[in-house]
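Trainee: when you get a sec, could you give me coordinates for this:
(chains A, B and C)
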Amino acid sequence: MLTHALKRLLGAAPTLLLLITLAFFLMRAAPGGPFDRERALPPQIEAALQAEYHLDQPLWRQYLHYLGGLAHGDLGPSFQYSGFSVAELIASGAPVSFKLGACAMSLAVLLGGLLGCVAALRRNSIFDRALMALAMLGLSVPNYVVAPLLILLFAIVLGWLPAGGWSTHGIGDAVLPVIALALPQIATIARLMRASMIETLSANFIRTARAKGLPMRLIVWRHALKPALLPVLSYLGPAAAGIVTGSVVIEQVFAIPGIGRYFVQAALNRDYTLVLGVVIFYGALIILFNFLVDLLYGLLDPRLRLS
Amino acid sequence: MNTGAVDTGPASRRSPGSWQRVWLRLRRDRFAMIAAGVLALIVLLAIAGPWISPWPQDFIDFDGDWGAAPGLAAGHWLGTDELGRDLFARTCYGGRISLLVGLAATLVSLLIGVSYGAVAGYAGGRLDALMMRAVDVLYALPFMFFVILLTVFFGRHILLIFLAIGAVNWLDMARIVRGQTLNLRRREFVEAAIVSGVGTAGIIRRHIVPNLLGVVVVYATLSVPQVILVESFLSFLGLGVQEPATSWGALVSDGAHAMETTPWALVVPATFLALTLLCLNFLGDALRDALDPKEF
Amino acid sequence: MAEPLLQVRDLRISFAAGQGGEAHAVGGLSFGLEAGQTLGIVGESGSGKSQTALALLGLQSRAARVGGSVRFEGRELLGLDERALNQVRGNRIGLVFQDPMTSLNPYLSIGAQMAEVLVQHRGLSRAAALADSARMLDAVRIADAAARLRQYPHEFSGGMRQRVLIATALLCHPALLVADEPTTALDVTVQAEILELLQQLRQELGLALLFISHDLDVVAEVCERVLVMYAGRAVESGPAAQLLTAPRHPYTAGLLASRPRLDAPAGEPLRPIPGHPPDPARLPAGCAFRPRCAVAVPACETLVPELRALDESGGCACHAPLRDQGVGPGVV
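Mentor: All right, here's what the predicted structure looks like:
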């Protein structure tokens, strides 16, 4: 188990380093950017850049300085929000984004898993067909289309729920954004769960369990659920990436003060350091999540657990 | 196994008969046929729409109501947006851009993915392991943010957008093609060709590529909607196609801002976008089933 | 006369096969098995023998249509609901399958997989069920049973897993054990051990055994009586020794001639049966074996031969049964 964890960590570290390196050098290579010496910058920003990025030193030294800063959680100052560091901005948006993402993820896993299981057990029934058609629809309608449509229907036409904002209307604020964010993931997980449950139920050990005279309920619960969940588990990494990506638009549409909103503003205003910082933060988050999923995977599989 | 002159040609390729069978199976799938029909209609509209429409897509109709509801009377069949631009013309025009980006970026990712995957799978051994490790590492990168990073650093040019999407989207293709090639390489007809002295290039051209066609077609069908999604995501955020040009994503974004006064400006492009993605996904799934479910 | 333990009559299993057609996996199979006795069913893959085993307990795939009658301990099993079938499965009838490598759940400990049977059928507590399971592992000659119960399937070899599966099938002391190719996936030496174990357990526990295999020699080693299946039908039945030495059906004779033997004269070639078994969706008219049969007569083309008793011990479904001219002296 420990070797498994170490191996996974060794896999995650270079990915993170690659992300940082690519992002750093891309920023440096960008034409017309803040590091383009052709451009005249206000003297105080010039000075701040100088202090922060050691522009007088060779590129590789600058890179090392940047890495060193990262290790201390220093992502540099924001170009746009003067007086704020990138780390501060991220920290201020993180709790909101985190709550939103965690709710959407839990909803996606629970509802998607449940629906997928039921569809697999009632294979080819009307329920199954209807659900799979809906899931296909859910996959095909991106959340930036779902979100405004939800607002149109539930906030504007029906007036049941607020159209946006965060922690101004109580829990009602979270309902639409969480649903909009979770929907594509619910669809994907339901499809995945259904396929994996059907495959598991056709396994030889399920036939053995049936030959033992166990009731179907027990077979599904004790014998089939865990192996059927494993593919879903390995999808959680990509699902997290999808939710992080989705949160960017969802925060935008619902005017939620999370990291995603800063990110979009920064991207539109070409606030290089903030964009870079958020990309690295998101990247690190997704890589960390993948690593945790890998660990969990190892914990669930007895072949990995014991060796 | 016999030696001597082994004719490995016809046996190794998907015979015309088998393509015919795929087509027949696909024809029997009612949903797939409906999806194909709807898709053809949308593509036709995107191509011909701007000519059919009496209004240019960026024409502001000062004579009509700004934000007119859909109707036949004023000639704005699907209404106008907040600025009084004809929604039908804009949606068709936006469709051109979205579909074009989808196709172009898929083509880029096919080119990179197929050659990378085929080389890795055919070479095998350490080169393969190294190449696939690189793909694994890239795979773990949050790809959407990378595209955003590129658009932020290098400007919001449409050509750049689909180059960026294609350049990041090839990973799936490379993996699938590599797996298939590895499989094919171990098959008898390829071994037979090697034994009978056919060169590497000849084997790749005559045996590997024709047999990869099926997977590539399926993947391309499933990749187009993904790319359209990415483009519309960027455009929705204002990072993609720039005014006065437009795409479905940008239209949905415009519509979302004005949905209280002109809800049709949101619903129309959203419907076109969702319908296209749905049809492409359905078609891709059906194609995969028709080709051979066991190949995946 | 009292009803035998298991009485199968006219068992039919079919599947829908494209364009409204039907594939007949089993077409009218009948046999009986007395308590404590052994019966072997022999046939090539696709002859319907495994389908038969599954159908006895209602475990056939959902696409299968099953007809006929399966009476066990005086009760009709076909058409019983799942609840009632579950009281028979694993309790009165134990089932062991071909592939021990994949027949155990890799995510549950051996103890959990064994104990659940006793908890389900006997209402035992988990601790009592585990104690009983340990005793049964002992009985199938697995050393250090209590510790083994805590282990997972991947820590067991194929032969050991098959022992575990046999032990699991026997936990509730069933009256009948159905073993479907239990040794096919195992090494030859392990195969011999498992066969010997089955023999011993059968005697110790007074089990009836329905043993299914493609290997006539293996079946003859374990079973008193043998039934040979071809294309979903019984073609010959009789005492094992008699079938090996004096087969009546040309197919049985062909099977005997085609197997490799150590005691055959050096250089004598194997004589495989020419041709292939028929597609169950397109069975030929008349005898299904006719296209491959060397001694077919005109009646074989039109009339399906019924299994007729040739003497008190056996029967044969053939229009032109062989008479003591089979394949030289076989040694059992």
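Trainee: look up how far A:R123 lies from the closest residue to chain B within the stretch 51-200 of chain C.
Mentor: As assessed by C-beta to the nearest C-beta, chain B sits closest to C:A63 within the stretch 51-200 of chain C, at 16.8 Å. All C-beta spots, glycine's among them, are computed from the backbone N, C-alpha and C. C:A63 is 12 Å from A:R123, where distance means C-beta to C-beta, to the nearest Å.
Trainee: one more: C:L59?
Mentor: Here the criterion is C-beta to C-beta. By it, C:L59 lies 17 Å from A:R123.
Trainee: hey, where'd the helices end up in the stretch 201-307 of chain A?
Mentor: Along the stretch 201-307 of chain A, counting by DSSP state H, counting those that start in this stretch, helices occupy A:204-211, A:216-218, A:225-253, A:259-268, A:272-300, A:302-306.
Trainee: possible to save those helices as JSON lines with distance to A:A29 and mean pLDDT?
Mentor: Output for the helices of the stretch 201-307 of chain A, formatted as JSON lines (distance: least, C-beta to C-beta, whole Å; pLDDT from 0 to 100):
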{"stretch": "helix A:204-211", "distance to A:A29": "55", "mean pLDDT": "92"}
{"stretch": "helix A:216-218", "distance to A:A29": "60", "mean pLDDT": "90"}
{"stretch": "helix A:225-253", "distance to A:A29": "24", "mean pLDDT": "86"}
{"stretch": "helix A:259-268", "distance to A:A29": "17", "mean pLDDT": "84"}
{"stretch": "helix A:272-300", "distance to A:A29": "12", "mean pLDDT": "82"}
{"stretch": "helix A:302-306", "distance to A:A29": "42", "mean pLDDT": "66"}
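Trainee: got TSV for these, with distance to B:G284 and mean neighbour count too?
Mentor: Formatted as TSV, the helices of the stretch 201-307 of chain A follow (distance: least, C-beta to C-beta, whole Å; neighbours: other C-beta atoms under 10 Å in any protein chain shown):
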stretch	distance to B:G284	mean neighbour count
helix A:204-211	30	22
helix A:216-218	34	13
helix A:225-253	18	22
helix A:259-268	30	23
helix A:272-300	26	21
helix A:302-306	34	13
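Trainee: turn those into a markdown table, including distance to B:G179.
Mentor: Below are the helices of the stretch 201-307 of chain A laid out as a markdown table (distance: least, C-beta to C-beta, whole Å):
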| stretch | distance to B:G179 |
| --- | --- |
| helix A:204-211 | 25 |
| helix A:216-218 | 35 |
| helix A:225-253 | 17 |
| helix A:259-268 | 35 |
| helix A:272-300 | 21 |
| helix A:302-306 | 23 |
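Trainee: turn these into JSON lines, including distance to chain C.
Mentor: Formatted as JSON lines, those follow (distance: least, C-beta to the nearest C-beta, whole Å):
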{"stretch": "helix A:204-211", "distance to chain C": "4"}
{"stretch": "helix A:216-218", "distance to chain C": "7"}
{"stretch": "helix A:225-253", "distance to chain C": "5"}
{"stretch": "helix A:259-268", "distance to chain C": "38"}
{"stretch": "helix A:272-300", "distance to chain C": "7"}
{"stretch": "helix A:302-306", "distance to chain C": "4"}
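Trainee: between the ones you listed, which one is nearest to C:R122?
Mentor: Evaluated over the helices of the stretch 201-307 of chain A, closeness to C:R122 peaks at helix A:216-218, with 15.2 Å, by C-beta to C-beta.
Trainee: for the chain, which helix is longest?
Mentor: Using chain A here. In chain A, taking DSSP state H as the definition, the longest helix is helix A:86-121.
Trainee: the chain in question should be chain C.
Mentor: Chain C, longest helix under DSSP H: helix C:188-205.
Trainee: what is that one packed up against?
Mentor: helix C:158-170, strand C:176-180, strand C:208-213, helix C:216-222 (3 or more C-beta pairs under 8 Å, 6 or more residues apart in numbering or on different chains; DSSP states H and E).
Trainee: say whether chain A is contacted by the first one.
Mentor: The one in question is helix C:158-170. Yes. Using C-beta under 8 Å from any C-beta of the partner chain, helix C:158-170 reaches chain A at C:165, C:168-169.
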